[in-house]
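Enquirer: Show me how the following folds:
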Amino acid sequence: MPLSVVILAAGKGTRMKSSTPKVLHKLANKPLLEHVYDTAKELGAEEVIVIYGHGGEVVKNTCKHFDAKWVEQKKQLGTGHAVMQAFDSLNLNNTVLVLYGDVPLTKKVSLDALLKDAEGKVSLLSVNLDNPFGYGRILRNQQNKVTGIVEQKDATAEQQKIQEVNTGILACKGETLKQLLDKIDNKNSQGEYYLTDIFELAEKENIEIKTAQPEASYEVEGINNRLQLATLERIFQKNSAAELMTNGVTLADPARIDIRGNADISNDVYIDINAVLEGNVKIGTGTNIGPNCFIINSTIGENVNIKANCVIENTTIENNCVVGPYARLRPETHLSKNSKIGNFVEIKKANIGEGSKVNHLSYVGDTEMGKNVNVGAGTITCNYDGANKHKTIIGDNVFVGSDTQLVAPVNIADGVTIAAGATITKDVAEDVLVISRSPQKTISGWERPKKKP
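Expert: Numbers count the residues shown, from 1 in each chain. Next up, the predicted model:
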């Protein structure tokens with residue numbers, strides 16, 4: 001049966017103590033709500049309906065890339081009331097799965113188990129907790145069939161001893177869900193319409209109630225404060241590290257790596273401590289990532305050596321390159337194979353040719369650099385005139401001496417040697433030596449200025 005997913009995301013999140021809506025707080029650099037939406041799409045949902053409320057326009061604008069229908073819950077009258085808001089936008093012939101925008105780590109496999117054979121039944125995801133305080137308890141009869149759910153505040157002392165609890169995640173046919181919700185009331189301690197009340201009604205109407213449980217309890221943990229957010233962040237990162245190591249990646253310390261996006265990392269890659277990989281990162285086999293590196297939306301080839309303390313963003317690095325330590329590769333940088341970028345070098349919007357070297361203390365921006373170029377220490381491309389950027393073109397086999405300024409736009413042809421300390425403002429023809437420096441003077445009998453008494 002086709003699937004519709006309703007995501008409840010209207011809560012204020014008072015305990016977050018934040019002006020940011022709770023579902024927009026980030027886990028692994030992605031809003032909580034987006035984690036849940038991605039899971040819904042992974043399940044193959046035909047339609048996704050997001051029920052929003054607090055901070056509604058901010059939530060919608062932040063998540064405007066969602067392929068979803070947005071429905072406002074103007075009054076916060078409980079979870080049952082929230083789901084009711086979806087019915088005008090929902091295909092009631094579909095199986096409807098209810099998820100929560102602040103429960104980010106539910107796995108597809110656990111939801112697949114919930115949805116399996118759900119037709120004609122009400123399916124509930126439950127979990128057994130050592131400390132079930134605060135959760136609604138699952139009530140069962142002597143035949144172990146679910147007869148209802150009682151909330152913590154409404155439970156008797158005996159019912160509060162029950163360890164099987166409701167996660168709030170459920171599925172059933174849309175028509176059945178609507179029929180049940182139309183019959184619930186708000187006669188409880190909170191004066192709210194509880195979604196959980198449908199289970200007692202289902203039992204009375206002889207609708208089978210099926211339960212499934214997640215592989216791990218953290219999958220159904222909601223986030224209400226920053227302590228819980230930090231706890232789930234560490235669980236997410238621990239799981240990500242375990243997956244990498246299972247696939248043949250060596251981590252110096254699995255507790256000191258953060259994956260904040262999609263990391264496609266081949267086997268026999270070594271990653272030292274405190275690496276942060278953000279966005280879409282791809283790393284080829286045999287590559288070594290040194291400590292304290294930050295890599296964003298970049299592709300790194302095979303047998304590359306990224307030394308300590310490098311920042312690499314929107315960059316492509318081909319095989320057998322060396323980068324760092326303390327290098328910064330800014331967006332639209334491309335390093336061809338066997339090239340080398342050394343310490344305290346910044347590269348921006350530049351193509352560095354095969355076998356070329358920019359070893360230390362240099363800035364190269366808006367540049368096309370050929371093969372086997374050697375750039376000496378302290379060299380800069382002067383690419384910005386205060387209003388516009390200009391391009392530097394350097395041919396093959398060029399030697400650039402230390403402390404050189406290349407004032408763009410400028411074209412350095414193949415085989416040129418530029419002496420140290422030069423300022424190049426005009427195009428240079430092939431295979432010449434260029435010297436541009438003031439004559440050295442020696443003044444005898446020079447006395448340094450002295451402080452006045």
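
Enquirer: For this protein, which segments count as helices?
Expert: Under the criterion DSSP state H, helices of the chain are mapped to 32-42, 56-62, 79-84, 108-115, 174-181, 197-204, 226-246.

Enquirer: Present those helices as a markdown table; the columns should include distance to residue 327 and mean pLDDT.
Expert: (C-beta placed from N, C-alpha, C; glycine too.) Output for the helices of the chain, formatted as a markdown table (distance: least, CB to CB, whole Å; pLDDT from 0 to 100):
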| stretch | distance to residue 327 | mean pLDDT |
| --- | --- | --- |
| helix 32-42 | 32 | 98 |
| helix 56-62 | 33 | 91 |
| helix 79-84 | 50 | 94 |
| helix 108-115 | 39 | 96 |
| helix 174-181 | 56 | 95 |
| helix 197-204 | 59 | 90 |
| helix 226-246 | 24 | 98 |
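
Enquirer: Next, format the ones you listed as CSV and append mean neighbour count and distance to residue 413.
Expert: CSV is the format used below for the helices of the chain (neighbours: other CB atoms under 10 Å; distance: least, CB to CB, whole Å):
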stretch, mean neighbour count, distance to residue 413
helix 32-42, 21, 51
helix 56-62, 15, 51
helix 79-84, 22, 69
helix 108-115, 18, 58
helix 174-181, 19, 71
helix 197-204, 21, 78
helix 226-246, 15, 46
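
Enquirer: Pretty sure residue 23 is one of the things residue 16 touches, is it not?
Expert: No. Using CB atoms under 8 Å, residue 16 makes no contact with residue 23, being 10.1 Å away.

Enquirer: So between the two, which is more surrounded?
Expert: Shown here are residue 16 and residue 23; by other CB atoms under 10 Å, residue 23 has more neighbours (30 against 20).

Enquirer: Now do residue 80 against residue 160, distance only.
Expert: 22 Å (CB to CB, to the nearest Å).

Enquirer: Dig out what residue 374 forms beta bridges with.
Expert: Taking DSSP bridges as the rule, residue 374 bridges to residue 357, residue 399.

Enquirer: I figured it was touching residue 401, is that so?
Expert: No. At 9.2 Å, residue 374 does not count as touching residue 401 under the criterion of CB under 8 Å.

Enquirer: Of the two, give the one with the bigger neighbour count.
Expert: A count of neighbours by other CB under 10 Å puts residue 401 above the other of residue 374 and residue 401, at 21 against 16.

Enquirer: Show the pLDDT at the more buried one.
Expert: Looking at residue 401, its pLDDT stands at 97.

Enquirer: tell me the contacts of it?
Expert: Residue 401 makes contact with 376, 379, 417-422 under the criterion CB atoms under 8 Å, 6 or more residues apart in numbering.

Enquirer: and if you look at residue 315?
Expert: 298-299, 329-335.

Enquirer: how near is it to residue 300?
Expert: Distance from residue 315 to residue 300, by CB to CB: 8 Å.

Enquirer: can you check residue 178 too?
Expert: 52 Å.

Enquirer: Is there a neighbour count for the residue lying closest to residue 336 once chain neighbours are set aside? I'd like the number.
Expert: Nearest non-adjacent residue to residue 336, counting by CB to CB, 6 or more residues apart in numbering: residue 354, 4.2 Å away. Applying other CB under 10 Å, we find 18 residues neighbouring residue 354.

Enquirer: who's in contact with residue 354?
Expert: Residue 354 makes contact with 336-339, 371-372 under the criterion CB under 8 Å, 6+ apart.

Enquirer: Please apply the same query to residue 81.
Expert: Shown in contact with residue 81 (CB under 8 Å, 6+ apart): 73, 75, 192-193.

Enquirer: Ok, residue 167 next?
Expert: 103, 124-127, 214, 220.
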